[in-house]
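A.B. asks: quick one: sequence plus predicted model below, questions after.
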Amino acid sequence: MRAIEIQEYGGPEVLKTVEADAPEPGPGQVSVDVAYTGVNFADLKARAEGYRVPRLPFVPGLEVSGRVRAIGAGVVGLSVGQEVVALTEGGAYADVAVADTATVFPLPAGVDLRTAATLPTVLPTAYALVHAVGRLQPGETVLVQGAAGGVGTVAGQLAKAAGAGAVYGVVSGAAKAAYAREHGYDEVFVGEFEQAVREASDGRGVDLALDPVGGETFRGSLASLAVFGRLVSFGNASSAEPWSVGQPELYPAGVSVGGFSILTLAKTAPARLRALAEQAFATVVDGTVSLPVTAEFGLEEAAEAHRLMGTRQSTGKLLLRVSGERP
């Protein structure tokens, strides 16, 4: 089979197409003939700095859609040939990928394989940020960093559907701002945002802030909270030093900080992740949210997908087409 392999860390050019043996599923696992693979910023961090890479060589990729190829010992409820969507621990940039059955889901009703590949990481993450961790209440205000990315696109729609009073986004350019406004955002700020948030909220700040960036952006999001506001950190795209907060930041306004990682939850609480994902997928089936595929590449063009995402100019979701049909 074909696989895209990282043999050394670096830029997109280190992604190499290799021929490899198709992986076999172990107990509690299935292998999947991949139709489409989602591209995530975590893949770029794996390639560039070894994020969640246990050893080299390594095949990146965290989410696939396709058909069950083989079933490991002890697996029930799935069958060979069944169309599925899956979250993986890596290995998704390939013709065949392996996933634990706790993170393999039957294809949601009415969703095709191409659309399904956008779901496994982004949708449960956004749903958790708004509902499970963020606990958004009707009438509350929300600030989302990276509003034009995959998670940001979905989070804005989910927040509006949950009855948010106002949803503010932060992006890096005017084109992204226009895109975000089309997907649920009331106002979108380019670059600096703290003063703009205060002005938009009449000095109050926001009830919920969602931050995948870390570093100074995390600090700005924290400073943008209203009294009793919540900040949820779900990434460190800036590669800044890990954040820490304490009494000086939390006590004056009674704010709180939480965190979320779908990959970690898959390990520590797979049953909770499964329930969360099923709730999240239902929002696509019923039309509450949509996540546009804004660019698609062949598997062997993975480096081009990484280059595009690395420019910070992309919006929505990027896919690799493995065996799926062109749209």
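C.D. replies: Ah, there it is.
A.B. asks: please save the CA atoms from the lengthiest strand in the chain in PDB.
C.D. replies: For the chain, the strand reaching the highest residue count under DSSP state E is reported as strand 29-39. Provided in PDB are the C-alpha atoms of strand 29-39 (Å, rounded to 0.1, in the frame of the first residue of the first chain):
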ATOM      1  CA  GLN A  29      -9.200  -2.900  16.400                       C
ATOM      2  CA  VAL A  30     -10.300  -2.700  12.800                       C
ATOM      3  CA  SER A  31      -8.400  -1.800   9.700                       C
ATOM      4  CA  VAL A  32     -10.000   0.600   7.200                       C
ATOM      5  CA  ASP A  33      -9.600   0.900   3.400                       C
ATOM      6  CA  VAL A  34      -9.300   4.700   3.400                       C
ATOM      7  CA  ALA A  35     -11.400   6.800   1.100                       C
ATOM      8  CA  TYR A  36     -10.500  10.200   2.500                       C
ATOM      9  CA  THR A  37      -8.200  11.500   5.200                       C
ATOM     10  CA  GLY A  38      -8.600  14.800   7.100                       C
ATOM     11  CA  VAL A  39      -5.700  17.200   7.400                       C
END
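A.B. asks: and that strand, what's its mean pLDDT?
C.D. replies: For strand 29-39, mean pLDDT is 98.
A.B. asks: please tell me how far the spatially most central residue of the chain sits from residue 150.
C.D. replies: Nearest to the geometric centre of the chain sits residue 122, at 3.2 Å (Cα atoms, centre = their mean). Applying Cβ to Cβ, to the nearest Å, the value for residue 122 to residue 150 is 4 Å. For the C-beta atoms, the positions are set from N, CA and C on the backbone; glycine is no exception.
A.B. asks: where do the contact lists of these two overlap?
C.D. replies: Both residue 122 and residue 150 are in contact with 40, 291, 317, where contact means Cβ atoms under 8 Å, 6 or more residues apart in numbering.
A.B. asks: hmm, the first one is touching residue 149, no?
C.D. replies: The one in question is residue 40. No - using Cβ atoms under 8 Å, residue 40 makes no contact with residue 149, being 9.6 Å away.
A.B. asks: stretch 142-153: end-to-end distance?
C.D. replies: 13 Å (Cα to Cα, to the nearest Å).
A.B. asks: would you map the helices across the stretch 201-327 of the chain?
C.D. replies: Listed in chain order, the helices found in the stretch 201-327 of the chain under DSSP state H, counting those that start in this stretch are 215-223, 247-250, 262-268, 270-285, 302-310.
A.B. asks: and the longest one, what does it pack against?
C.D. replies: For helix 270-285, the helices and strands in contact under the criterion 3 or more Cβ pairs under 8 Å, 6 or more residues apart in numbering; DSSP states H and E are strand 104-106, helix 122-127, helix 262-268.
A.B. asks: of all those, which one is nearest residue 321?
C.D. replies: helix 122-127 (17.8 Å; Cβ to Cβ).
A.B. asks: any idea of the mean pLDDT in the closest one?
C.D. replies: 96.
A.B. asks: can you state the direction angle for whichever helix or strand comes after that helix and helix 215-223?
C.D. replies: On the C-terminal side of helix 122-127, the closest following helix or strand by DSSP states H and E is strand 141-145. With axes from the mean of the first three to the mean of the last three Cα atoms, to 10 degrees defining the directions, strand 141-145 sits at 180 degrees from helix 215-223.
A.B. asks: what pairs with strand 141-145, parallel or antiparallel?
C.D. replies: Sheet pairing for strand 141-145, assigned by DSSP bridges, gives strand 166-171 (parallel), strand 206-211 (parallel).
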